[in-house]
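[1] Let me see the structure of the following:
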Amino acid sequence: MSDFLGLFSVADIRYVCADREFASRHWLEFLTREKIPYRLRIKANHQLTDKHGKAIKAHRLLRTARINEAVICRRWRKLWGTYRVCVTGKKRADGELLILISNEPSSEMLTEYRRRWQIETLFGCLKSRGFDLEATHLKESERLEKLLGLLALALCWSWLAGEKRCQSKSITVKKHGRRAKSVFRLGLDYLEQVFRSGFKYAKAKEKQEFILILSCT
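    Numbers count the residues shown, from 1 in each chain. Okay, the predicted model is just below:
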């Protein structure tokens, strides 16, 4: 995040999302100091204050909640007796509690936090469903940074190629209602096919389009 702020401003950040393992005092201190909006999930045993200002475990705020019913705390609470936060949560069908905090009021916090799943999709593309990143076994931070930079470009290229392919060839939808492959996978598979054949089977127009896509990245 410090690297990002070295290139962009806080105004470019709509909000930061993160799962439970990132809701630490150090992280909250940084976000608060830099005035960065956030939507963070916290653990059920983290300490919050109730409407009377009494310290309680976070899970107690949802003790009477119905399954999948959004519970929005109207008053500001304090996390660990230090950070002033807005709290929203719900109890899932499997009994797991989703408790979110924010440093600004939002009635759409659950919907906003749901966008965090995009990072899981990205990880899948970088790893098992795409570039097999973990197979490199790289540990040196500088080399990892360069590799991730290249993979970011490759991912964008594959995605844009997939979108192009979708215009002429729709993705098959299976009986369970999900697509046979993602837009990213469609593009990556096609690019692999094109490069392995040395552009032999690619039409002249397609060659130009995919080269232009790469130049844009």
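
[2] I figured residue 179 hits residue 172, correct?
    Yes - in this structure residue 179 lies within contact range of residue 172 using CB atoms under 8 Å: 7.0 Å. Bear in mind the C-beta positions are built from the backbone N, C-alpha and C, glycine included.

[3] Compare the two (neighbour count), which wins?
    Set side by side, residue 179 and residue 172 show more neighbours around residue 179, with 13 against 8, by other CB atoms under 10 Å.

[4] Leaving out the residues flanking it, which one is nearest to that one?
    Leaving aside its chain neighbours, residue 179 sits nearest to residue 171 (4.7 Å; criterion: CB to CB, 6 or more residues apart in numbering).

[5] got any ranges where this protein has weak pLDDT?
    198-217 (pLDDT under 70).

[6] So which other helices or strands are in contact with the longest helix along it?
    The longest helix of the chain (DSSP state H) is helix 141-168. Where contact means 3 or more CB pairs under 8 Å, 6 or more residues apart in numbering; DSSP states H and E, helix 141-168 is packed against helix 117-126, helix 183-196, helix 204-216.

[7] Buried residues of that helix, list them for me.
    Within helix 141-168, the residues that count as buried by 16 or more other CB atoms under 10 Å are 147, 151, 154-162, 164-165.

[8] swap in stretch 45-54?
    48, 49.

[9] Break the protein into its domains for me.
    2-115, 120-216 (automatic domain parsing).

[10] can you point me to the longest strand in this protein?
    Identified as the longest strand of the chain according to DSSP state E is strand 83-91.
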